[in-house]
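no sequence on hand, only this structure:
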């Protein structure tokens, strides 16, 4: 259950105020109200009363994190304690009892650790708030430190460390932090160092818990359509019982003065070079925070930003540029420029950065654009209740009150060009840089060698791809089946995915106990089981995977719980505009085809499912076409023998026959409604199927030119965002066996729908009639090449990509063929592609109910 917390741990590594990442005001809805008060024992409490909310959330923030671990600095004890406390046994109930109780509350709980705090939360229905408050309070004050749970979580974290330090981005951040905050507590990663972590004892955990998990060091936050008086009573009963204990003192982190430029180069698991250039800046309370944050937008936010245009568009010296102004709560901040470059171009790219900082002036148009971007970011910020509570907590940690983010967003209007020129000179021209580089390992194989892999075929015809790498700290095994939801009862594969590994086999529980990860993901036409773990545990887990597929035991209690969770997800489908809108588009676009049905099915179809239906899904997987791929520290002959023994006996059946997609009526505009108070415009058109990778590349080019492919960009983003007409605009290419779909969606306001609709159509027509603008083709090609390069990092991902190509009957070098095709495109080719692709479309306009 802690697995989904990885996202929060990653975000929390730079906890504080990060321009371009997660700072914006969070306006509270007009019908919402914040009740702030402090219990007698020192616990600060916030209740966000919002009658319009469909869920409720209970959160506790403990002001203990990576920077507060003395005398165990660098051990990751805060993170370790989070793993033990969240969902663990207490003196009141067992871990299993909490798991069952939380399932009845909806199953949505997790925890995360940052530099300066640890957070715990349960999201549930408004009627279950008191139970959630009681559970979290027991975790905070009454952890039992069960020896088995403490030992198990130690193993889980050891595996988490191995995975983290095999990720180039996390490794790069770790080294940059160590250099910038050298000789301070902020230099240590939240996960800790393995040696120091291994030295921790259960008594260390208990001492840290008793010192930091005290009322004066906590925030309690409750939000939703709740009865405020009832919540106050529940909080008082659950949290007020603990006597006052003074919080440990907090210390500000002051980095060493930079007396000379510093540079650190470290080899790591990457095929490109990552460069971090940091300049010391200010504390959170300093007025230069606002021009610095705006400067980050001017230099590195979007395709028109100064450094992106100079390094990516004009010179091609970098593949990607990111700029951040980071101001943590308890530390002096920094201004960071991050580059992803070809190692051979690194020196030229870094020189171009310094040249830009020393010679370029700030244009008025750039200032206006950056302010508009900040305002647009504020407007599009999620209004989900859990996010609002997170902002409340972060605001309190930063300033001691709830209103910082609204205040923060208002300050940018007053920032002048003269102020920006001053901070440019003060912090980026006169300060000495601290540079960190993550470079490819010298022992890394060449690209040609890295593609070398062993291929075998099991006795029943199942292809097996193996890429051994003794330097990889984990083994990854991927089972790909050519079978999915299209051939099953509506909702059956969603329920089968959630039940996978439960029952008597308990694969999931066993994997978590040894720090491994395993999951079954079932899509429209393809199902994937992914297993990742240490070399010493994977072989045993593969046996459990085989048993879970070939000899499934569906426990009635598990079935009832997971069925209820799927039904809950279906009920909430309309609570999120994107899920709601895309489901409606799919239902119309693929009318009378299985692709029209949501993967979760509907309430009636899921209620009708039985354990026998789920067993039938697994039985279909047993005989479906299968490809297996393995990477990491493994011995190929041993892998082959195990796979032959476990997966080489069952005969395979051909994949299902294609199902025709009915012709569409492309006339007129389709009016739809959303439950949420937003509007959207979606333009959908027929696209390439899975068996046509050449056409897929054509669509990727059109996507990039029009909507930026994976990132904000293309023609539409600056056009519509620049006029403040949309919160977000993107293109999405969905490729399936029977058919493909490309759509462009724009989230807007009801009053802007007509304008957005017209400008979307006009932009497509302009591409068809006038063709490309100067350098537009080259920019699109560069963006796509980098996306393909990124997809092959780390190198172990290549063997799994090759296995997927084999499953679909495509050449193993399909990606190289696609890139070769990309290199041949001319402006005229792309214009002709647009004329062919956009002959007709379906246009959907969504307005609030």
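Thanks, I have it. Please read all numbers here as calculations on a predicted model, not as lab measurements. Residues are numbered from 1 along each chain as shown.

which helices and strands does whichever strand or helix holds residue 222 pack with?
Secondary structure assignment for residue 222, by DSSP states H and E: strand 218-224. Packing contacts for strand 218-224, counted by 3 or more CB pairs under 8 Å, 6 or more residues apart in numbering; DSSP states H and E, involve strand 44-49, strand 56-62, helix 129-141, helix 228-239, helix 385-399. (Glycine included, C-beta is placed from N, CA and C.)

and with 10 Å instead?
Counting contacts by 3 or more CB pairs under 10 Å, 6 or more residues apart in numbering; DSSP states H and E, strand 218-224 packs against strand 33-38, strand 44-49, strand 56-62, strand 118-124, helix 129-141, helix 228-239, helix 385-399.

how distant is that strand from the center of its chain?
Distance, stretch centre to chain centre, for strand 218-224: 24 Å (CA atoms, centre = their mean, to the nearest Å).

quick one on the thing from earlier: out of the helices and strands packed on strand 218-224, flag the one nearest residue 524.
Of all those, strand 118-124 sits nearest to residue 524, with 28.5 Å by CB to CB.

show me what that closest one is packed up against.
Using 3+ CB pairs under 10 Å, 6+ apart, strand 118-124 is in contact with helix 6-12, strand 56-62, helix 77-85, helix 95-105, strand 108-113, helix 129-141, strand 218-224, helix 385-399.

how about CSV for the ones you listed, with distance to residue 786 and mean neighbour count added?
Converted to CSV, the helices and strands packed on strand 118-124 look like this (distance: least, CB to CB, whole Å; neighbours: other CB atoms under 10 Å):
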stretch, distance to residue 786, mean neighbour count
helix 6-12, 22, 17
strand 56-62, 38, 26
helix 77-85, 33, 25
helix 95-105, 42, 16
strand 108-113, 30, 24
helix 129-141, 43, 22
strand 218-224, 40, 25
helix 385-399, 30, 21
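
okay if I get these as TSV plus mean pLDDT and distance to residue 827?
Putting these into TSV (pLDDT from 0 to 100; distance: least, CB to CB, whole Å) gives the following:
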stretch	mean pLDDT	distance to residue 827
helix 6-12	30	40
strand 56-62	95	51
helix 77-85	97	52
helix 95-105	84	57
strand 108-113	89	48
helix 129-141	96	58
strand 218-224	96	53
helix 385-399	88	43
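
please produce TSV containing the ones you listed, extended by distance to residue 317.
Output for these, formatted as TSV (distance: least, CB to CB, whole Å):
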stretch	distance to residue 317
helix 6-12	28
strand 56-62	43
helix 77-85	38
helix 95-105	51
strand 108-113	36
helix 129-141	50
strand 218-224	46
helix 385-399	36
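
and after the helix or strand hosting residue 179, which helix or strand comes next?
According to DSSP H and E, residue 179 maps onto helix 168-180. The helix or strand immediately downstream of helix 168-180 is helix 194-198, counting by DSSP H and E.

list the buried ones in that following helix?
196-197 (16 or more other CB atoms under 10 Å).

work out the gap between that helix and the centre of the chain.
For helix 194-198, the distance to the chain centre is 27 Å (CA atoms, centre = their mean).

assign residue 316 to helix, strand or coil.
coil (DSSP: H, G, I helix; E, B strand; the rest coil).

show me the contacts for the residue nearest to it when sequence neighbours are not counted.
In space, and not counting its chain neighbours, residue 316 is closest to residue 782: 6.4 Å by CB to CB, 6 or more residues apart in numbering. Shown in contact with residue 782 (CB atoms under 10 Å, 6 or more residues apart in numbering): 312-313, 316, 318-319, 704, 775.

got the phi and psi for residue 782?
Reported as degrees, to the nearest 10, the phi and psi values for residue 782 are phi -60, psi -40.

ok, it to residue 395 distance?
40 Å (CB to CB, to the nearest Å).

can you give me the helices for the stretch 451-600 of the chain?
492-499, 507-513, 535-550, 556-571, 577-589 (DSSP state H, counting those that start in this stretch).

list the contacts of the fourth one.
Meaning helix 556-571. By CB under 10 Å, 6+ apart, helix 556-571 touches 54, 99-100, 103-104, 106-108, 125, 491, 494-500, 502-504, 506, 554-555, 579, 598, 600-607, 609-611, 614.

in it, what's buried?
558-559, 561-563, 565-567, 570.

hmm, residue 709 is touching residue 785, no?
No: Residue 709 is beyond contact range of residue 785, at 11.5 Å (criterion: CB atoms under 10 Å).

so those two - more neighbours on which side?
In this view residue 709 and residue 785 are compared by other CB atoms under 10 Å, and residue 709 has more residues nearby, 22 against 14.

show the buried residues in the contacts of helix 556-571.
Those of the contacts of helix 556-571 that meet the buried threshold are 103, 106-108, 491, 494-500, 502-503, 506, 554-555, 598, 600-601, 605-606, 609, 611, 614, by 16+ other CB under 10 Å.
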